[in-house]
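> just a sequence and a predicted model for now, questions to come.
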Amino acid sequence: MPPNSSTQGTPGSTGQGSALAGLRFKRKTRDAAAPSPEERRAVKNVSSMAARGSGDGTEADVARRSSAAERPHVRSDTSGRDVVANASGEIIAGPSASAPKASDAVAPLVPPVFKVTERGRAPAICHAFYGRVAAQGFLKSMVITSPNMDYVPELPVEREVVKTYADGRWGLREYSRWPQMLVNDMWHIACIPTTPSPSVPDVLWRTLCPTDWEADRLTGVADLGFIKEDIRTKLSEAAKLARAKWDVLAVGSDHQAYREHGDTLLLILRLAVERMEKLPSQRGIAIAVAAHVQRVCLEIAGLCTYLDVVVARLELAVADPFPPLPVVGAFIRDPSSAQTCTRVGIPTWFLQPLTHKVKVWRIVQFRKPPMDWSDAPSDPPIYQNPHEVAGITNLTGNWVERMCLAVSKLVCGVHLAALGVGQEGLSPEVGPSAAKRARTGEAEGEDLRGKHLQMRPVDVPQAARSAGKSRRERKRLLAAARSATANPETASSFKGNATSPADDGSLQPAKVFVLSPFCRAPLIWVQALQKASPVPRSRASALYFYPPPFLLDTVSSKDSAHLHKLDANVARVDDKVYRYLHNLVRIRRFCRARLFDPSMSSDPLTIGEWRAALWGDYSQKGKTPKGANPADIRRAKRRQEEWNAICRLFGRVAMFPPYGEDMVGSLRGNPVKADDCASDPSIRQLLLWEAHEINFRSELMALDMHLVRGDKWTEIYRWLREEAVSAVWGERSSVLSILPPDDFSGQIDRWSEGWTDWETRRKFLVNFVKLMTRWPDFPDALCELLAQADAWDTAKGEEVSQLAVGFYVETFVRVYQRLPTPPIRMPLCMI
């Protein structure tokens, strides 16, 4: 045991200086001999004795000795040299210290460098985690590699707001043309084609610019127009091809989620195409709608590619990757998804950390979008919020689906305004428009007639027309009208004394059904309307979405050639009718467009307002109304305000000049002069059919939305309901199908026997009955008949038609307190 071992480890000892000096010597581990086992045991004994040195036995002394035992101390080795040993006796410094082990050495950390690691020519398709090409750009510790492509597109960094630009695209977030992050259950986005094919025409990649829009001068509004006709035609054909291809693939597909998504895309596509074809819009909105048609068509094409090609490759158990498809591809974060996409041939850009193991053959820069892509925000903005001028808030990671639905809602989600209900049918969910139009203390007839707007029956003496009738006389005439309508057999033909007493000018066609001498309604509708006539008067004015047909089917007293041919009990005289017809040719495009454009007052108008609109004198009146009593003054003031409102709508919003007989309109591409309205009966027939059809479709849509409370539904479900309503008059479409084609082409007579085969009429009848099953008080008899719809023959169809039309008319009268507008037979000039 070395001497003085108990004191050598204490501070201030004489041996500590020489030990510290020994630490400055260079270690000579190769020359020093390893201590023997006996020497190691001796060292341990010395250390134990040093730890058990003298003390007072207190807690402080015990702690002091324990701390001293744990500290390194100086002692002499077997050769008498001073060394430093730890608490266990192992020599850690001095001439006898052992050499450090190789396993104790720590290699210095070398950060990975983004560089080319492989020489030579890269394989056509390399490992999913390697890069034939690689780019880093603004990424710090990440790198984007592609195992099967020769370029790296710029990474679309996720933003809170995705903006819409002037060309209708979404910049780098345009998923139909630029790779996006792969989203689970939406792999078809990566399968959107990048090259044209017979089923995917090249117009879908056309960059839309302001010169592709042209104003529609016939609408009357300077800044409203359409995408040029040749582009619209090509986009419509592309939409038909997309629908046809999807219909074929969806039948045999087992992927329920993708089938449902495809059906939703078809619904959106129909909305966008009809919006593009039928509604004039501002330049920016029209371009955005056309770009949305392109976008949805391409997404449907990607869905078809996924189900037709990629799904089959996924099911094949092959190790060799397929050649990359000519599709958009995707950025991928998940390693397993990167391997799968590489194997099935989807262009892959793998976003991964930069490590020493990443193999790179070539370094490239990010590829920028094409030069023809716009970087200017859309004008007008597609979406407004307090923080962004144009864009859609992106609150979820899966923004692609959200963005598509949001833009569809903004640019295509048009709806029909509510039709104000009658006083007895007011409900909380209806807006204030009905209440604003309530007329207290005055009759419907008094509210809507003007001096130059009077309609009178034929061959009625002047004294009978001008003389006022007592209340008793009006009650007697009203009772006679009810008696006539109680027996349909007395008015089962299209001529005769229907339900309107010829000598009562106070009864309006909105309340009492009046047969038209210029058009024919189906007999089933005539009987149902006769049964519901006359409708009791209400304090709410009757509203119409389009000019009421009964304003257009009167005759002029100057037209003696027609007077002797018409039944005096049916025809009504209005000397302004030809002016109405001629001016309607001029303003009809605006009347159609305003139905779905809130900026043009899309609310329905009263009969008096439509008369003022058809009259065409759009100069406002500024004189103070006069009257014999305060009630007459209020009535005159209200009429003046209504007149001025119509003048502002048609004279300032639409910029129509006041009517002149020398003006020339256009109908079906043919010029129409004032004299043509009197000499050419086909003009009146076309305008009458359009007025009946638009009003019938609008009223059916408005009534259904009111009864099922469609305004409370989410957008997608409301679109589906509107699609079901549109199946009553044509193919399943959108609410825009309310508007027939401007040239009246492609229409079908749905109600008249002999004009359309029974199977075609049966399809529309079934859709009509199915639609009403959700209405209150739907008849049980119709439910039973609907269950046997496949077995309906012509006789059974007549029975169902009578019940269905009767229920519709009764429901409409109960809600709106007026008669509905019936559909009529198509004129011969349309066949």
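Nice, thanks for sending it over.
> quick one: low-confidence ranges for the stretch 401-550 of the chain?
The stretch 401-550 of the chain contains residues with pLDDT under 70 at 401, 421-507.
> hmm, I typed the wrong one, I wanted the chain.
Short version for the chain, where the test is pLDDT under 70: 1-108, 159-160, 252, 380-401, 421-507, 560-571, 752-755, 831.
> pull the longest helix from it.
Ranked by residue count and defined by DSSP state H, the top helix of the chain is helix 681-707.
> that one: which residues count as buried?
The neighbour-count check on helix 681-707 (16 or more other C-beta atoms under 10 Å) flags 683-706 as buried. For glycine as for every other residue, the C-beta is placed from the backbone atoms N, C-alpha and C.
> okay but L739 is in contact with R592, surely?
Yes. Checked against C-beta atoms under 8 Å, the pair L739 and R592 is within contact range at 5.3 Å.
> overlap in contacts of those two?
K278, I694 (C-beta atoms under 8 Å, 6 or more residues apart in numbering).
> what's stretch 315-326 in contact with?
Contacts for stretch 315-326 (C-beta under 8 Å, 6+ apart): 124-125, 148-149, 191, 193-195, 305, 309-310, 313, 342-347.
> hmm, 6 Å instead?
I125, N148, T194, T195, R313, T342, R343, V344, G345, P347 (C-beta atoms under 6 Å, 6 or more residues apart in numbering).
> now the end-to-end length of that stretch.
One end of stretch 315-326 to the other measures 20 Å (C-alpha to C-alpha, to the nearest Å).
> from D711, how far out is the nearest residue to S619 once chain neighbours are set aside?
Spatially, and ignoring its direct neighbours in sequence, S619 is nearest to P658 (6.0 Å; C-beta to C-beta, 6 or more residues apart in numbering). To D711, P658 is 38 Å away according to C-beta to C-beta, to the nearest Å.
> got it, and F545?
16 Å.
> the more surrounded of these two?
F545 (27 against 13; other C-beta atoms under 10 Å).
> and that one, what does it touch?
Applying C-beta under 6 Å, 6+ apart to F545 gives the contacts P604, N695, S698.
> what about it, distance to D603?
9 Å.
> got phi/psi on G131?
Taking degrees, to the nearest 10, you get phi -130, psi 110 for the backbone angles of G131.
> and if you look at the one 3 residues further on?
As for A134, its main-chain torsions (degrees, to the nearest 10) stand at phi -150, psi 150.
> since we're on it, how many residues are nearby?
Neighbour number of A134 under other C-beta under 10 Å is 26.
> same check, this time on the one 4 residues further on
F138 is surrounded by 9 other residues when neighbours are defined as other C-beta under 10 Å.
> which SS class is it?
Following DSSP: H, G, I helix; E, B strand; the rest coil, the label given to F138 is coil.
> tell me how far it lies from T811.
Using C-beta to C-beta, we find F138 at a distance of 63 Å from T811.
> just E799 next, same as before
19 Å.
> who's more crowded, those two?
Ranked by neighbour count (other C-beta under 10 Å), E799 and T811 place T811 first, with 19 against 12.
> and the residue nearest to the more buried one when sequence neighbours are not counted, backbone torsions?
Closest residue to T811 apart from its sequence neighbours, by C-beta to C-beta, 6+ apart: W775 at 6.3 Å. Main-chain torsions, W775, degrees, to the nearest 10: phi -80, psi 150.
> mind listing the strands for the stretch 251-400 of the chain?
330-332, 348-353, 366-367, 392-393 (DSSP state E, counting those that start in this stretch).
> winner for burial among those strands?
Across these, averaging neighbours per residue (mean count of other C-beta atoms under 10 Å) puts strand 330-332 on top, at a mean of 23.
> how long is stretch 675-689 from one end to the other?
OK, stretch 675-689 end separation, C-alpha to C-alpha: 20 Å.
> run through who's touching that stretch.
So stretch 675-689 is contacted by F518, C519, P549, L552, Y578, L581, H582, L584, P827, C829 (C-beta under 6 Å, 6+ apart).
> what of stretch 195-213?
By C-beta under 6 Å, 6+ apart, the residues outside stretch 195-213 that reach it are 167-168, 193, 225, 227-228, 231, 234, 238, 241, 245, 283, 286-287, 290-291, 294, 297-298, 301, 326, 372.
> next SSE after the longest helix of the chain?
Counting by DSSP states H and E, the element after helix 681-707 in chain order, helix or strand, is helix 715-726.
> buried residues, that following helix. List them.
Buried-residue list, helix 715-726, by 16+ other C-beta under 10 Å: R718, W719, R721, E722, E723, V725, S726.
> out of the contacts of stretch 195-213, which sit inside helices?
Judged by DSSP H, the subset of the contacts of stretch 195-213 located in helices is 231, 234, 238, 241, 245, 283, 286-287, 290-291, 294, 297-298, 301.
> which two in these are spaced the farthest apart?
Using C-beta to C-beta, the pair of the ones in helices among the contacts of stretch 195-213 lying farthest apart is K245 and R283, separated by 31.4 Å.
> for the residue nearest to S619, grab the count of nearby residues.
Residues near P658, counting by other C-beta under 10 Å, number 13.
> check which helix or strand covers it.
Using DSSP H and E, P658 falls outside every helix and strand.
> how many neighbours does K531 have?
K531: 15 neighbours (other C-beta under 10 Å).
> apologies, that question was intended for P671.
Under the criterion other C-beta under 10 Å, the count of neighbours that P671 has is 10.
> and the nearest residue in space to it that is not next to it in sequence, how close does it get to R275?
Spatially, and ignoring its direct neighbours in sequence, P671 is nearest to V664 (5.0 Å; C-beta to C-beta, 6+ apart). Separation of V664 from R275 (C-beta to C-beta) stands at 30 Å.
> same thing with W246?
W246 is 20 Å from R275, by C-beta to C-beta.
> what does R402 give?
R402 is 20 Å from R275, by C-beta to C-beta.
> out of those two, which sits in the busier spot?
The residue with more neighbours, out of R402 and R275, is R275; 24 against 16, by other C-beta under 10 Å.
> wait, that one touches C412, no?
Yes. In this structure R275 lies within contact range of C412 using C-beta atoms under 6 Å: 4.9 Å.
> for the nearest residue to L241 once chain neighbours are set aside, phi and psi?
Spatial nearest neighbour of L241, excluding adjacent residues (C-beta to C-beta, 6+ apart): S199 at 5.1 Å. Note on S199: backbone dihedrals following degrees, to the nearest 10 are phi -90, psi -10.
> repeat for the one 10 residues further on
Backbone geometry at C209, expressed as degrees, to the nearest 10, gives phi -130, psi 170.
> check the gap between it and R173 for me.
Applying C-beta to C-beta to C209 and R173 gives a distance of 20 Å.
> which one of those two has more residues nearby?
R173 (21 against 12).
> just send the ones in helices among the contacts of stretch 195-213 back as TSV, with distance to A636 and neighbour count too.
Formatted as TSV, these follow (distance: C-beta to C-beta, whole Å; neighbours: other C-beta atoms under 10 Å):
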residue	distance to A636	neighbour count
I231	51	17
K234	55	16
A238	56	23
L241	60	19
K245	63	18
R283	43	20
A286	43	27
I287	47	26
A290	48	29
A291	51	27
Q294	54	23
C297	56	28
L298	59	24
A301	62	25
